[in-house]
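Undergrad: Predicted coordinates and the sequence they were generated for:
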Amino acid sequence: MVESHLLKLPVEIVHHIFDFCDSQTILCNISCVCKILHSIVNQYDRLEVKIDIHRYKTNKQIILLHQQVLYKRVVSLSCWWYNAADIQKDIFISDLFQCKRLRHLTLSAIDDKSMQSLFIEKNNMKLVSLTIDSRDCKDNASFKALSLFIEKSKLQKFTLGGLIYKGEMIPWPDQCKLKFLSILRCFYRQYFSLLHQLPYLETFQIQDIDTHENFIDIPSLNFSFHSSLTRLSITYCSLSTEHLRSLMSITPKLCELKLMYDKNIFKSLMEIYEWEEFVRLELNFLKKFHFFISYKISENDPVRLDTIIAPFRDSFWLNEKRWFTICDLTFKKYELNTLSLFTIPIRKYLFGSHYIKCGLSSKNNTYYINDQSQDKITLDTVHDTISVVNLAQEDIQASHLRFLAEALQDNQTITKLNLFDNKIKALGTQYLVEALLNNKTLISLNLGRNDIQDEGAKHIAYLLETIKTLRKLKLDSNEISIVGVQHLI
């Protein structure tokens, strides 16, 4: 038998490989392979472990997390507090205090009593990052204990999930050293207060900054300080341009900005143009900028994708900053009336699956049709066109089909097109036929249940005269009379 190459590697390299494995694989599988790997595993002291507290000290957990492993070799620990008995919580907290190498701690579903017990004065954990994701911590005493811990531990990264931040929630210590903060949301005025209390903060992530405070008056918020913030991310942004301008005024060091706008923020195409001008003229100091905008269209809205994306083809976007933009329409029921405008690459939570889309990039005048998830699209992959387009039962109307028709003119490799059970009617059929006249590859077309009637059949007849590759055509349940049939014969 040829000796394994893995065993010949330096221990440091094997440990680096372990960095990409979960703790159970390392401790329960790799460690049991042979004596050499068992020894290498025992030397590995960068374990990342997940624990359900209600199972702590059960047989499985003892095998996986012997005290010597937990105390000396775990650097990252994620704890799930739900359903744990008080005695289990107390034992676990006591053991946590012995974890000398622990630097990253996540507490999910933790309660007030446990939080106060954990962050007592004798707690000497030297954490670098702390995440608290719980809706059960509401006692001010819990956050006071947390504040004392933050001051003593010199924590650098803090994430607070599950709760909406309130100004009085955490009494931040003087000259707090936090460099990274992530919270769900806060009020507009609290944003300024947070930056003022966290002078060393470099990265701030938040879902939204709520401007619905009765006492808010933008001009009255005159702050004389400048924040050290360099990265800001707002993932469900509802801020107006005026509010955003005010936020930017106190962050002269900002170099990375991410704005994922909530739906229905932009009511007109003119608002998008004005926002683009604001970015181009007043945010030109940024090095990295990512955005996502949804624009709702009405049935009779004549807007075109190339019209929306036109301002983002300016030299500022393409050449100076190289911020490339996509504008597309996703053919998914209930989202058909919403166009998306976003920079690529983009990272946005909870994108849909691989629904069919048609769109344009700011760098290319050619429309694309693909089924890529929006967070996977790049300049290299955006024109990876599919040959089979299945859009059955998506509630597509003529107003939506005109976008697809424009894309079909630029994508001449479609072989199968299924539009069964939609509402394209005669007008949509006209759009479709005009787009397919130059297609040389289409072999199957399904337009069943689209109420195209005799007028639509007339358009289809013209298509049949032009396209010689079509082998399969379905027109059932379309209210076509003998007059329409005569067009097709």
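TA: Sure, I can see it. Numbering: from 1, shown residues only.

Undergrad: need the contact list for the closest residue to Lys138 other than its chain neighbours.
TA: With Cβ to Cβ, 6 or more residues apart in numbering as the criterion, Lys138 has its nearest non-adjacent residue at 6.7 Å, and that residue is Asp112. For glycine as for every other residue, the C-beta is placed from the backbone atoms N, C-alpha and C. Asp112 is in contact with Asp136, Cys137, Lys138, Asp139, Ala141, Ser142, counting by Cβ atoms under 8 Å, 6 or more residues apart in numbering.

Undergrad: Report pLDDT for the nearest residue to the fourth one once chain neighbours are set aside.
TA: Just to be clear, that refers to Asp139. Distance criterion Cβ to Cβ, 6+ apart; nearest residue to Asp139, sequence neighbours excluded, is Asp112 at 4.2 Å. At Asp112, the model reports a pLDDT of 87.

Undergrad: any idea where the helices of the stretch 251-400 of the chain begin and end?
TA: Assigned by DSSP state H, counting those that start in this stretch, the helices in the stretch 251-400 of the chain fall at 269-282, 305-309, 315, 398-410.

Undergrad: Same list, those, but as a markdown table with mean pLDDT and mean neighbour count please.
TA: Converted to a markdown table, the helices of the stretch 251-400 of the chain look like this (pLDDT from 0 to 100; neighbours: other Cβ atoms under 10 Å):
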| stretch | mean pLDDT | mean neighbour count |
| --- | --- | --- |
| helix 269-282 | 94 | 15 |
| helix 305-309 | 94 | 17 |
| helix 315 | 96 | 8 |
| helix 398-410 | 93 | 21 |
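
Undergrad: Give me the buried subset of the contacts of Asp112.
TA: With burial judged by 16 or more other Cβ atoms under 10 Å, the buried subset of those is Asp136, Cys137, Ser142.

Undergrad: Need those residues in CSV (columns: secondary structure, distance to Glu465 and pLDDT).
TA: Supplementary listing: the buried ones among the contacts of Asp112 in CSV, determined by DSSP: H, G, I helix; E, B strand; the rest coil; distance: Cβ to Cβ, whole Å; pLDDT from 0 to 100:
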residue, secondary structure, distance to Glu465, pLDDT
Asp136, coil, 70, 70
Cys137, coil, 71, 71
Ser142, helix, 76, 84
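
Undergrad: any chance of these in JSON lines, with distance to Tyr82 too?
TA: Output for the buried ones among the contacts of Asp112, formatted as JSON lines (distance: Cβ to Cβ, whole Å):
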{"residue": "Asp136", "distance to Tyr82": "9"}
{"residue": "Cys137", "distance to Tyr82": "13"}
{"residue": "Ser142", "distance to Tyr82": "17"}
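
Undergrad: Out of these, which comes closest to Ser362?
TA: For the buried ones among the contacts of Asp112, the residue nearest Ser362 by Cβ to Cβ is Cys137; the value is 44.9 Å.

Undergrad: dump the residue contacts of that closest one.
TA: Residues near Cys137 by Cβ under 8 Å, 6+ apart: Ile110, Asp111, Asp112, Met115, Phe143, Leu163.

Undergrad: same thing with Phe180?
TA: Counting by Cβ under 8 Å, 6+ apart, Phe180 makes contact with Ser129, Gln156, Lys157, Phe158, Leu201, Glu202, Thr203, Phe204, Gln205.

Undergrad: wait, is Gly428 part of a strand?
TA: No - using DSSP: H, G, I helix; E, B strand; the rest coil, the assignment for Gly428 is helix, not a strand.

Undergrad: these two touch, right, it and Gln397?
TA: Yes - if you go by Cβ atoms under 8 Å, Gly428 and Gln397 touch, sitting 6.7 Å apart.

Undergrad: Now do the shared contacts for these two.
TA: Common neighbours of Gly428 and Gln397 (Cβ under 8 Å, 6+ apart) are Asn422.

Undergrad: between those two, who's got more neighbours?
TA: Set Gly428 next to Gln397 and count neighbours by other Cβ atoms under 10 Å: Gly428 wins out with 27 against 17.

Undergrad: which ones are touching the closest residue to the more buried one other than its chain neighbours?
TA: In this structure, Gly428 finds its nearest non-sequential neighbour in Ala398, 3.6 Å apart by Cβ to Cβ, 6+ apart. Residues near Ala398 by Cβ under 8 Å, 6+ apart: Lys423, Ile424, Lys425, Leu427, Gly428, Tyr431.

Undergrad: quick one on the thing from earlier: measure the residue nearest to Asp139 to Asp395 for me?
TA: Here Asp112 is placed at a distance of 48 Å from Asp395 (Cβ to Cβ, to the nearest Å).

Undergrad: which stretches of the stretch 101-250 of the chain form helices?
TA: 112-118, 140-153, 188-197, 241-248.

Undergrad: Could you name the helices and strands sitting against the third one?
TA: Contacting helix 188-197 under the criterion 3 or more Cβ pairs under 8 Å, 6 or more residues apart in numbering; DSSP states H and E are the following elements: strand 203-210.

Undergrad: Going by neighbour count, list what's buried in stretch 94-110.
TA: Neighbour counts over stretch 94-110 (16+ other Cβ under 10 Å) mark Leu96, Cys99, Leu102, Arg103, His104, Leu105, Thr106, Leu107, Ser108, Ala109, Ile110 as buried.
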